[in-house]
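Student: model the following, please.
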Amino acid sequence: MRLGFVLSEMFTGLRRNLSMTVSVVLVTMVSLFFFGAGLLVQQQVSILKGDWYDRVQVSVFLCGSESTAENCPGGAVTGAQRDAIRQQLTDSPLVDQVFYESQAEAFANFLDTYDPSFTANVTQDQLPESFRVRLTDPERYEEIRDQVVGVPGVEDVPDDRKILGPLFSALDAATVVALGLAALMLVCTVLLVSTTIRLTAFSRRRETSIMRLVGASRLLIQLPFVLEGVVATLLGAALASGALWSLVEYGLGRLADRPGFTTKLVGTPEVLTQAMPLMFGVGFLLAVFASLVSLRRWLRI
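Tutor: Model (predicted):
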C-alpha cells in the first residue's frame, strides 16, 4: 500500500471540504467535552460517596432528664444502661470504634459550632449524651441502627446519611444530564462526519471509479476517506481534552487550594488516565464507523 498516496488523498479531501472539516472538529469538541465532563462528574460522585460515607458516624443519643421519647420512661439513662449499650456496640462486628460524648462535651461542641445568638437560650441539660460509632462498613448503617433502636436508655438513632442523600441525587442527575447531552452531540458528530465523507466521495467518484477499474483494492480507496474523518474527530478530541483539563486544573484546582477546603476533587490524574483515553477512543470509533457506513454506497461502481 502506498502511504504517500493515501496521505496525499486525505489532505486533498480535507482541503476541499475545509468548512465541513472545521464543523466536524467543533461539533466533536463540544460533544466529547460533555462526554468527558460526565465521566468526571460520575467519578466525583464516587469520590464524595467514599469520602463522606467514611466520615459518617452512627450517633446513638441516650435518654436525658428532659427526654420525652417512649423509650425513656424512667428519664435519664442509668449507668448500667449506658455500660450495657457501650458493651453491645463494642461487641458488634460492624463497629470499628466507639466514642462517648458527655452532656458537657456536647454542649461545648454546640457552642463552638453555632452562632451565640442561636445558643443563648440552650442549656447543657437540654443536650443528650451520646455514643459516636464508626463502622467497619458505612453501607451497613441500617444493620447497626436496628440493633440499638429500642434498647433501654437509647432515645434516638438518626440517619445522618439522609443529609447527604439529596446532594448525591443532584450529582447523579448532573451526571445523567451531561452524558445525555454528550450522547445527543455524538449523534450529531456521526451525522456530520457521514455527510462530510459522502460529499467528499461524491466529488471524487470519477477518480475512485478509475482506481477500481485499474485494480486498486477497496481498502486503498476507502482509507483516505476514513482517515479524513479520523483526523477531524481526533482534532476535536484534542481540543475537548485541552478544554476539560483547563477547567479542572484552573477551576477546580484553585478551589481545592483554598484554605480550609478539605473535600477531595477530581484533578489532572483523572483527566489524563480516565477521561482523555475514553474521549479519544470514542472519537476514533465514531469516525471509523461513520466513514465506513457512508462509503458503502458512494464507492460502489
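
Student: what is the burial count for G75?
Tutor: Look at G75: counted by other Cβ atoms under 10 Å, it has 11 neighbours. (C-beta placed from N, C-alpha, C; glycine too.)

Student: are we agreed that it is in a helix?
Tutor: No. Secondary structure of G75, determined by DSSP: H, G, I helix; E, B strand; the rest coil: coil, with no helix assignment.

Student: show me where this protein has strands.
Tutor: Assigned by DSSP state E, the chain shows strands spanning 58-62, 95-101, 130-135, 154-156.

Student: which one of those strands lies closest to T21?
Tutor: strand 130-135 (56.3 Å; Cβ to Cβ).

Student: give me the mean pLDDT for that closest one.
Tutor: The average pLDDT within strand 130-135 is 84.

Student: again, but for stretch 93-102
Tutor: 86.

Student: what do you get for stretch 195-202?
Tutor: Per-residue pLDDT values across stretch 195-202 average out to 70.

Student: also stretch 246-265?
Tutor: 75.

Student: cool, and stretch 112-119?
Tutor: Looking at stretch 112-119 alone, the average pLDDT works out to 72.

Student: also stretch 278-294?
Tutor: In this model, stretch 278-294 has a mean pLDDT of 83.

Student: out of everything not next to it in sequence, what's closest to S241?
Tutor: M276 (4.8 Å; Cβ to Cβ, 6 or more residues apart in numbering).

Student: let me see the domain layout of the protein.
Tutor: According to automatic domain parsing, the chain comprises the domains 3-52+164-298, 57-159.

Student: from V266, how far off is the spatially most central residue of the chain?
Tutor: For the chain, the residue nearest the mean C-alpha position is Q42 (1.4 Å; Cα atoms, centre = their mean). According to Cβ to Cβ, to the nearest Å, Q42 and V266 sit 10 Å apart.

Student: and what of T123?
Tutor: 45 Å.

Student: of these two, which one has the most company?
Tutor: Comparing T123 with V266 by other Cβ under 10 Å, the one with more neighbours is V266, at 20 against 10.

Student: and the more buried one, what are its phi and psi?
Tutor: Backbone torsions for V266, taken as degrees, to the nearest 10, come to phi -60, psi 150.

Student: I'd say it and V45 touch.
Tutor: No. Checked against Cβ atoms under 8 Å, the pair V266 and V45 is beyond contact range at 10.0 Å.

Student: packing partners for the longest helix along the chain?
Tutor: Using DSSP state H to assign secondary structure, the helix with the most residues in the chain is helix 161-203. Applying 3 or more Cβ pairs under 8 Å, 6 or more residues apart in numbering; DSSP states H and E, one finds that helix 161-203 makes contact with helix 3-16, helix 18-55, helix 218-246, helix 276-298.

Student: please name the nearest non-neighbouring residue to V154.
Tutor: Closest residue to V154 apart from its sequence neighbours, by Cβ to Cβ, 6+ apart: V148 at 5.5 Å.

Student: show me the contacts for R134.
Tutor: By Cβ atoms under 8 Å, 6 or more residues apart in numbering, the contact set of R134 is 57, 95-99.

Student: between those, which is nearest F118?
Tutor: Of all these, the one sitting nearest F118 is Q57; the distance, using Cβ to Cβ, is 23.2 Å.

Student: run a quick check on the closest one versus V133, I expect a contact.
Tutor: Yes. Under the criterion of Cβ under 8 Å, Q57 makes contact with V133 at 5.9 Å.

Student: which residues do those two both contact?
Tutor: Contact with both Q57 and V133 is made by residues F99, according to Cβ under 8 Å, 6+ apart.

Student: the more surrounded of these two?
Tutor: A count of neighbours by other Cβ under 10 Å puts V133 above the other of Q57 and V133, at 23 against 19.

Student: give the contact list for that one.
Tutor: Neighbour list for V133: 57-60, 89, 95, 97-99, 144 [criterion: Cβ under 8 Å, 6+ apart].

Student: now it: closest residue in space that isn't a chain neighbour?
Tutor: Nearest one to V133, counting by Cβ to Cβ, 6+ apart, is V58 at 4.1 Å.

Student: give me whichever of the strands of the chain is most buried.
Tutor: strand 58-62 (a mean of 23; mean count of other Cβ atoms under 10 Å).

Student: tell me the mean pLDDT over that strand?
Tutor: Averaging pLDDT along strand 58-62 gives 84.

Student: my read: the residue nearest to S241 touches L239, true?
Tutor: No. M276 lies out of contact with L239 (Cβ under 8 Å); the separation is 11.9 Å.

Student: list the contacts of Q43.
Tutor: The neighbourhood of Q43, defined by Cβ under 8 Å, 6+ apart, consists of 266, 270, 274.

Student: for these, give me JSON lines that also has distance to L235.
Tutor: Formatted as JSON lines, the contacts of Q43 follow (distance: Cβ to Cβ, whole Å):
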{"residue": "V266", "distance to L235": "25"}
{"residue": "E270", "distance to L235": "23"}
{"residue": "Q274", "distance to L235": "21"}
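
Student: I'm done for today, thanks for sticking with me.
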